[in-house]
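Novice: sequence and predicted structure below; questions after.
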Amino acid sequence: MSINLMKSLRFSEFGPPSVLRIEEVPIPEPGDFGQEVRNCLENVGRVLNDAHMNYSDIASVQIYLVDLSQFQEVNAIYKEYFKSPLPAGTTVQVAKLSLGAHIEVSAIARK
């Protein structure tokens, strides 16, 4: 099963942002939280790649978790994608995310 999880945007100095693509990604098996984290971070990587950027161009990351007790697992996987110096970050617990997700990742990049 696949589902539309992310729109990738490119911003220009002139005119409105344009949609590059909508990613079709597999939904991880129930209970595979680590794969859900990796899917989120891989999607961020695809957006960066479309903008000719990489993880080192990220200035800020926001992570939304349904269960904050999973933070250590997220942090361990996060460090596979981001190297020192790490971008500024915020992690918060939320009551619920759309589509039954357990994590959502948002990032701001600059070149």
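Specialist: In hand now; what should we look at?

Novice: can you pull the buried residues of the longest helix seen in the chain?
Specialist: Taking DSSP state H as the assignment, the helix of the chain that covers the most residues is helix 33-50. Within helix 33-50, the residues that count as buried by 16 or more other CB atoms under 10 Å are 33, 36-37, 39-41, 43-44, 47-48. All C-beta spots, glycine's among them, are computed from the backbone N, C-alpha and C.

Novice: any chance of those residues in a markdown table, plus pLDDT and distance to I103?
Specialist: Converted to a markdown table, the buried residues of helix 33-50 look like this (pLDDT from 0 to 100; distance: CB to CB, whole Å):
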| residue | pLDDT | distance to I103 |
| --- | --- | --- |
| F33 | 91 | 8 |
| E36 | 89 | 6 |
| V37 | 92 | 6 |
| N39 | 87 | 9 |
| C40 | 88 | 6 |
| L41 | 91 | 10 |
| N43 | 85 | 11 |
| V44 | 88 | 12 |
| V47 | 83 | 16 |
| L48 | 86 | 18 |
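
Novice: which of these lies closest to A88?
Specialist: V44 (14.9 Å; CB to CB).
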